[in-house]
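> Let me see the structure of the following:
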Amino acid sequence: MRTKRRKKMRHQGDRKGIYILPNLFTSASLFGGFYAIIAATQGRYEAAAVSILVSAVLDGLDGRVARFTHTTSHFGVEYDSLSDVIAFGVAPGILVFQWAMKPFGRFGWLAAFLYVVCGALRLARFNVQKATTDSSFFRGLPIPAAACMIASLVLFFDEIGGMPESAPLLIVVMIYILSFLMVSTIGYVSFKKLDLKNQKPFNFLVSLILMLIVVAYEPEIMIFLFMFFYVLSGPVAGIFRLGSRHRRALEEEPKSQVMETVVTIDKERENTGLG
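Numbering: from 1, shown residues only. Next up is the predicted model:
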């Protein structure tokens, strides 16, 4: 009897430990965001950028850990969203203001604040619509992607030797664009459902290894390019979809006109008694 009770208590303890595990990843992501804020206010912009990128990796792991250990919970979802506001909203906003937008004064910090607000709205909308949307696509740019875009840009300019004189103004424009993309309904591919457990073609593994080698060779540049093209992929794909719909509408219009003509002729035949 005692043995069964001990096994039951041990099992409950294990389950409790597993339940805590995904929230530890979320806490680590939150810590990375908080550290990024401290580093940005001290002028250590590269350290802040790296911290945000690490937070993004941890944020991607907490959900996978929760699903793998079957410990998803409403508490974990809410905690993850609150962590994301700090790590990918407030931290990048402060970083980009301290790094590039401080000379613009009020215009600069208002742009940074707009980024934070749009990121929070994006998260709130995601939580509300999560059960009714396609999990393979995001509606609007995900806030971690926007944060990684800012962080990778900091590392990119550090790698190439500093910002050009015109860069701060372009960065302000970029912040407004990122803010708009987050609250837009533009579709972005989601990698959350990427299945690495099942068998894949051999070429998939080779491509993955080559991609890792390229990133490892010039991480600052390659991460920036990856984030740049990901941010750009949403609007570009949207334009192609609109063009495809327009072409289909043009192709279907003559068919509908022919059908209307046939119906009109049939009616005329019926009226004249020739049918």
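
> any chance you could map the strands in this protein?
137-139, 187-189 (DSSP state E).

> Would you reformat those strands as a markdown table and include mean neighbour count, distance to G60 and mean pLDDT?
Every C-beta, even on glycine, is put in place using the N, C-alpha and C of the backbone. Output for the strands of the chain, formatted as a markdown table (neighbours: other Cβ atoms under 10 Å; distance: least, Cβ to Cβ, whole Å; pLDDT from 0 to 100):
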| stretch | mean neighbour count | distance to G60 | mean pLDDT |
| --- | --- | --- | --- |
| strand 137-139 | 18 | 13 | 87 |
| strand 187-189 | 18 | 14 | 90 |
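
> for the ones you listed, which one sits closest to V214?
Comparison of the strands of the chain against V214 by Cβ to Cβ identifies strand 187-189 as nearest, at 19.8 Å.

> Show me what that closest one is packed up against.
strand 137-139, helix 219-272 (3 or more Cβ pairs under 8 Å, 6 or more residues apart in numbering; DSSP states H and E).

> Select from the ones you listed the stretch with the lowest mean pLDDT.
Of all the helices and strands packed on strand 187-189, the minimum mean pLDDT falls on helix 219-272 (a mean of 77).

> The residue nearest to Y45 when sequence neighbours are not counted and I175: what is the separation?
Setting aside the residues directly before and after it, Y45 is nearest to W99 in space (Cβ to Cβ, 6 or more residues apart in numbering), at 4.7 Å. Distance of W99 to I175, computed by Cβ to Cβ, to the nearest Å: 11 Å.

> S29 now?
22 Å.

> now A147
For A147 relative to I175 (Cβ to Cβ), the value is 12 Å.

> More neighbours: which of those two?
Neighbour count, other Cβ atoms under 10 Å: between A147 and I175, A147 has more, with 32 against 25.

> What residues does the residue lying closest to that one once chain neighbours are set aside make contact with?
With sequence-adjacent residues excluded and distances taken as Cβ to Cβ, 6+ apart, A147 is closest to F88, at 3.7 Å. By Cβ atoms under 8 Å, 6 or more residues apart in numbering, the residues touching F88 are G33, I52, S55, A56, D59, G119, I143, P144, A146, A147.

> F226 too?
Here F226 is in contact with S152, V215 (Cβ under 8 Å, 6+ apart).

> Quick check: the gap between it and A151.
Distance, F226 to A151, using Cβ to Cβ: 12 Å.

> Then L232?
17 Å.

> for stretch 187-202, how far is the first residue from the last?
30 Å (Cα to Cα, to the nearest Å).

> what's the closest of the strands of the chain to R125?
Among the strands of the chain, the nearest to R125 by Cβ to Cβ is strand 137-139 (7.4 Å).

> which secondary structure elements does the closest one contact?
Counting by 3+ Cβ pairs under 8 Å, 6+ apart, strand 137-139 packs on helix 106-129, strand 187-189.

> List the neighbouring strands of it plus their orientation.
strand 187-189 (antiparallel) (DSSP bridges).

> residues in contact with the strand it pairs with?
Against strand 187-189 from outside (Cβ under 8 Å, 6+ apart): 136-142, 145, 230, 233-234, 237-238.
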